[in-house]
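A.B. asks: Need coordinates for the below:
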Amino acid sequence: MNIPQHIVLFPDGNRRWAREKGLNTLEGHMQGYKNLLDFSKWCKNKGVKVLTAFGFSTENWNRSPEEVSYLMNLLEKCLIDNLESYNKNGTCVRVIGQKDRLPKSLQDAIIKTEESTKNNSSLFLNLAISYGGKWDILNAVKKIVEEKISVDDINEKLFDSYLSTAGLKDPDLVIRAGGEMRMSNFVLWQAVYSELYFSSKYWPDFTEQDLDLALQEFDKRSRRFGK
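C.D. replies: Numbers count the residues shown, from 1 in each chain. Got it, this is the predicted structure:
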């Protein structure tokens, strides 16, 4: 089977999953977090090298203060509580997004986790926190302008090096759970030729068998990149 080397994940549907079960929506986020930990292990075991998961978008700041606070604490927990596991499993963790907007304790957790796992290479896990595809592109443009790079020197390869995913292969497969069929301002530049796979299952119900179905579908597709 042709395994995608870089998977992008939309772990969507946590709140709807909780509501349908009569639970507080925050419990949906907790279950989604637990499923993400399992998903990263499934990917590693199947030969995926890079996993980029949407944790918190630039638009998510518009949610209630209670939910935003809960998600910030949950993301911090995701980093600190699993640090030993990341190193044991050879996972290199990197956070992409507007780190300066995050709470100080989360920023500290990011620095500690990135430094501790930087030499791991079995799986590269990118967590997108306060991330938006448009922000990523605009941020790259600002850096290029600030460095006064000549217009003649600007090309796609150079632009790639200024994105938050610099140094990583473009995603091969985008998986979105939750029934929605859109990119929602995520890796807009990087996913231009990614294969898209949408699952109707809410993220907390997404299983390893569902991942297998996505991989089987990816294996069937012919990637021509416009040729």
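A.B. asks: Would you map the strands across the chain?
C.D. replies: 6-10, 50-57, 91-96, 123-131, 173-176, 195-198 (DSSP state E).
A.B. asks: Out of the ones you listed, which gets nearest to residue 186?
C.D. replies: strand 50-57 (5.5 Å; Cβ to Cβ). Where you see a C-beta, it was placed from the backbone N, CA and C, and this is true even at glycine.
A.B. asks: Sheet partners, orientation included, of that closest one?
C.D. replies: Applying DSSP bridges, strand 50-57 is found paired with strand 6-10 (parallel), strand 123-131 (parallel).
A.B. asks: could you check the angle strand 91-96 makes with the longest one?
C.D. replies: Read it as strand 123-131. Taking axes from the mean of the first three to the mean of the last three Cα atoms, to 10 degrees, one finds strand 123-131 and strand 91-96 inclined to each other by 20 degrees.
A.B. asks: From residue 120, how far off is residue 187?
C.D. replies: Per Cβ to Cβ, to the nearest Å, residue 187 is found 22 Å from residue 120.
A.B. asks: between these two, who's got more neighbours?
C.D. replies: Using other Cβ atoms under 10 Å as the criterion, residue 187 and residue 120 rank with residue 187 on top: 26 against 17.
A.B. asks: need the contact list for that one.
C.D. replies: 8, 52, 133, 136, 165, 171, 174, 194 (Cβ atoms under 8 Å, 6 or more residues apart in numbering).
A.B. asks: same thing but 7 Å
C.D. replies: 8, 52, 133, 171 (Cβ atoms under 7 Å, 6 or more residues apart in numbering).
A.B. asks: Just name the closest of those residues to residue 204, please.
C.D. replies: Looking across the contacts of residue 187 and measuring by Cβ to Cβ, the closest to residue 204 is residue 8, at 18.9 Å.
A.B. asks: need the contacts of residue 187 in TSV with distance to residue 159, pLDDT and neighbour count, can you?
C.D. replies: Converted to TSV, those look like this (distance: Cβ to Cβ, whole Å; pLDDT from 0 to 100; neighbours: other Cβ atoms under 10 Å):
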residue	distance to residue 159	pLDDT	neighbour count
8	19	98	27
52	18	98	26
133	14	98	21
171	16	98	25
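A.B. asks: could I get these as a markdown table with distance to residue 115?
C.D. replies: Converted to a markdown table, those look like this (distance: Cβ to Cβ, whole Å):
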| residue | distance to residue 115 |
| --- | --- |
| 8 | 25 |
| 52 | 20 |
| 133 | 27 |
| 171 | 25 |
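A.B. asks: in the longest helix along the chain, what counts as buried?
C.D. replies: In the chain, assigned by DSSP state H, the helix with the most residues is helix 25-46. Neighbour counts using 16 or more other Cβ atoms under 10 Å place 25-26, 28-33, 35-36, 39-40, 42-44 of helix 25-46 among the buried residues.
A.B. asks: Between these, which sits nearest residue 60?
C.D. replies: residue 29 (11.0 Å).
A.B. asks: can you pull the contacts of that closest one?
C.D. replies: Contacts of residue 29 by Cβ under 7 Å, 6+ apart are 14, 70-71, 74.
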